[in-house]
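Chemist: Show me the folded form of this:
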Amino acid sequence: MKAFNSTGNTDDTGVTASLGLMREGINWRHKLRAPADFQRTNGVTTREQFLAGHDANLKFTDRLLAFAAAQHNVTDFRLSSHAMRSQAVWAMI
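Modeler: Below you'll find the model as predicted:
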């Protein structure tokens, strides 16, 4: 986690944080991730980005595995447009 605060001609305050978790069993592996980025300049939110993701692996044999991933991303840079994106992927290797 990082945080900053600066004063002068502009007052900037911001926080960047990330959380990552992993759980591994005999056949399954799960990964969760959640980074976030937030900034205010002169009392106005100028950057806001949040992401949440999940990866799952299922191991059938030493040579056969199924993989699935999903993520949701919300980005709001006040100088540009708002974007929200979700995606899911599934593959068998």
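Chemist: buried stuff in the top strand by length along the chain?
Modeler: Ordering each strand of the chain by length in residues (DSSP state E) puts strand 44-59 first. By neighbour count on 16 or more other C-beta atoms under 10 Å, the buried set for strand 44-59 is T46, R47, E48, Q49, L51, A52, G53, H54, D55, N57. C-beta coordinates here come from the backbone N, C-alpha and C atoms, glycine included.
Chemist: Would you check that the third one makes contact with D37?
Modeler: Just to be clear, that refers to E48. Yes. Using C-beta atoms under 8 Å, E48 and D37 qualify as a contacting pair, with a distance of 7.5 Å.
Chemist: chain center to stretch 29-46, what's the gap?
Modeler: Centre-to-centre, stretch 29-46 and its host chain are 8 Å apart (C-alpha atoms, centre = their mean, to the nearest Å).
Chemist: hmm, I was thinking of stretch 21-39
Modeler: 10 Å.
Chemist: measure R23 to R63 for me?
Modeler: Look at R23 and R63: by C-beta to C-beta, to the nearest Å, they are 23 Å apart.
Chemist: Then A70?
Modeler: Taken as C-beta to C-beta, the span from A70 to R63 is 25 Å.
Chemist: which non-adjacent residue is nearest the most centrally placed residue in the chain?
Modeler: With distances taken as C-alpha atoms, centre = their mean, L51 lies nearest the centre of the chain, 2.9 Å away. Leaving aside its sequence neighbours, L51 sits nearest to N73 (C-beta to C-beta, 6 or more residues apart in numbering; 4.8 Å).
Chemist: Could you check the pLDDT of the one you found?
Modeler: Per-residue confidence at N73 stands at 81 (pLDDT).
Chemist: what sits opposite N57 in the beta ladder?
Modeler: Using DSSP bridges, the bridge partners assigned to N57 are R29, F67.
Chemist: Quickly note the distance from it to T41.
Modeler: For N57, the distance to T41 (C-beta to C-beta) stands at 41 Å.
Chemist: which residues touch the residue nearest to the centre of the chain?
Modeler: R33, A34, P35, A36, Q71, H72, N73, V74 (C-beta atoms under 8 Å, 6 or more residues apart in numbering).
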